[in-house]
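**Q** have a look; sequence and predicted model below, questions after that.
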Amino acid sequence: MKRNETLFKSEHFELEQLTDGVYAALASPGGQAFSNGGIVDLGDQTLVFDAFETPAASGDLRSAAEQLTGHPVSYLIISHCHADHWGGNQVFAPETSIITTHAIREEMPDAIGWLVELKENPAELEEAIQESRDRLETETDERQRTSLKASISRMMGWQEGLPRLELRYPDETFSGKLVFHGTKRTAELVEVAPGHTASDAYLLLPADRILFMGDLGFLQSQPFMVYCQPQAWVSELERMEQLDVEAYVPGHGPLGTQADLALQREFITLLEELVAQAVSDGLTVEETLEKTLPAPFDHWIHASSARWEANVWSSHERLSGKSES
């Protein structure tokens, strides 16, 4: 593997060449991607995996794909319904076929509704940015400061991209498995239901031993668990560890190995056990939030206190019987 710094540069992501014709697009801190993606040269056609959250980042991804492969993008795969993986769909040519699962396609309108509301009410976003800036000026806790800085950066990305946001939904859907047979390589698109969400899709390149995980993978970072089914997700990660794969490309975080998947499984399991014990002990959500996990997971929590709060709230509601999810 090698980092591709000469063929294409973007402020939104860094490209890493995994093998001839296959690239991971890893979100850059402070950029407008907010998630990872990928580029696959099938030989006679080009495939892109996920389209980031904003048109600016997605436009760079399209340009990189066309420049690196010498072909227009034939297929754009959307791994799941969350907007940070498909908010930039509109920048791809009308001829590009956008593909996802049946269930993901059905969930996408609701999943991006909050972004549409912000477009219709830009003053609300401006107020939120200013409120976060005001909090940052007085905040002394470094964990909260890190979280606020990331939030401000992301909201400013929305502010820039929302005026030209036009929703573009997939025009092809599948269930189970879909195989792309190119002249250079074969790619297998596989549905996982449930997992990180009610329906996720990953892309396996068997001959290259590369797996694009979407948000089934949050490597070396805290996974977002609000809409997940934890046991199903853990089981899928365990199965992925058994695949003949050398490079795992997560939806968030750096490239990883089987060991990183095992760590993610452990985080999910430990968080569930922590919250289950808190519920058993009659602790409130607020009291549960004061707890933490052992290293290295305490550092993951520190890096995103807002995500920790969301995860604990969601798990506490589910395990205390207040949520049906």
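**A** Alright, I've got the coordinates. Residues are numbered from 1 along each chain as shown.
**Q** from here on, just use CA atoms for contacts and neighbour counts.
**A** Noted.
**Q** quick one: name whatever helix or strand follows the longest helix along the chain.
**A** As assigned by DSSP state H, the longest helix anywhere in the chain is helix 258-280. The helix or strand immediately downstream of helix 258-280 is helix 285-289, counting by DSSP states H and E.
**Q** how about that next one: buried residues?
**A** 285, 288-289 (16 or more other Cα atoms under 10 Å).
**Q** so what does that helix touch, helix or strand wise?
**A** Here helix 285-289 touches helix 305-319, going by 3 or more Cα pairs under 8 Å, 6 or more residues apart in numbering; DSSP states H and E.
**Q** mind listing the helices for the stretch 1-150 of the chain?
**A** 55-69, 102-111, 113-120, 122-138, 142-161 (DSSP state H, counting those that start in this stretch).
**Q** residues in contact with the third one?
**A** Residues external to helix 113-120 that are found in contact with it (Cα atoms under 8 Å, 6 or more residues apart in numbering): 124-125, 162-163, 165.
**Q** if you set the cut-off to 7 Å instead, what comes out?
**A** Residues outside helix 113-120 that contact it (Cα atoms under 7 Å, 6 or more residues apart in numbering): 124-125, 162-163.
**Q** low-confidence stretches in the chain?
**A** Applying pLDDT under 70 to the chain flags the ranges 1-7, 323-325.
**Q** if we go to 50?
**A** Along the chain, the parts satisfying pLDDT under 50 run over 325.
**Q** now the residue minimising distance to the centre of it: which helix or strand?
**A** Taking Cα atoms, centre = their mean, the centroid of the chain lies closest to residue 251, which sits 3.8 Å from it. Residue 251 belongs to strand 247-252 when assigned by DSSP H and E.
**Q** the longest helix of the chain - contacts with which helices or strands?
**A** Judged by 3 or more Cα pairs under 7 Å, 6 or more residues apart in numbering; DSSP states H and E, helix 258-280 is in contact with helix 230-241, helix 305-319.
**Q** what comes into contact with the shortest one?
**A** Read it as helix 230-241. For helix 230-241, using Cα under 7 Å, 6+ apart, the contacting residues are 194-196, 258, 261, 265, 268.
**Q** mind picking the two most distant members of those?
**A** 194 and 258 (20.9 Å; Cα to Cα).
**Q** mind listing the strands the longest strand along the chain pairs with, and their directions?
**A** The residue-count maximum for a strand in the chain (DSSP state E) belongs to strand 210-218. Pairing partners of strand 210-218, with direction, according to DSSP bridges: strand 200-205 (antiparallel), strand 247-252 (parallel).
**Q** looking at the ones you listed, which is nearest to residue 129?
**A** strand 247-252 (23.6 Å).
**Q** now the angle between helix 258-280 and that closest one, please.
**A** Going by axes from the mean of the first three to the mean of the last three Cα atoms, to 10 degrees, strand 247-252 is angled at 40 degrees with respect to helix 258-280.
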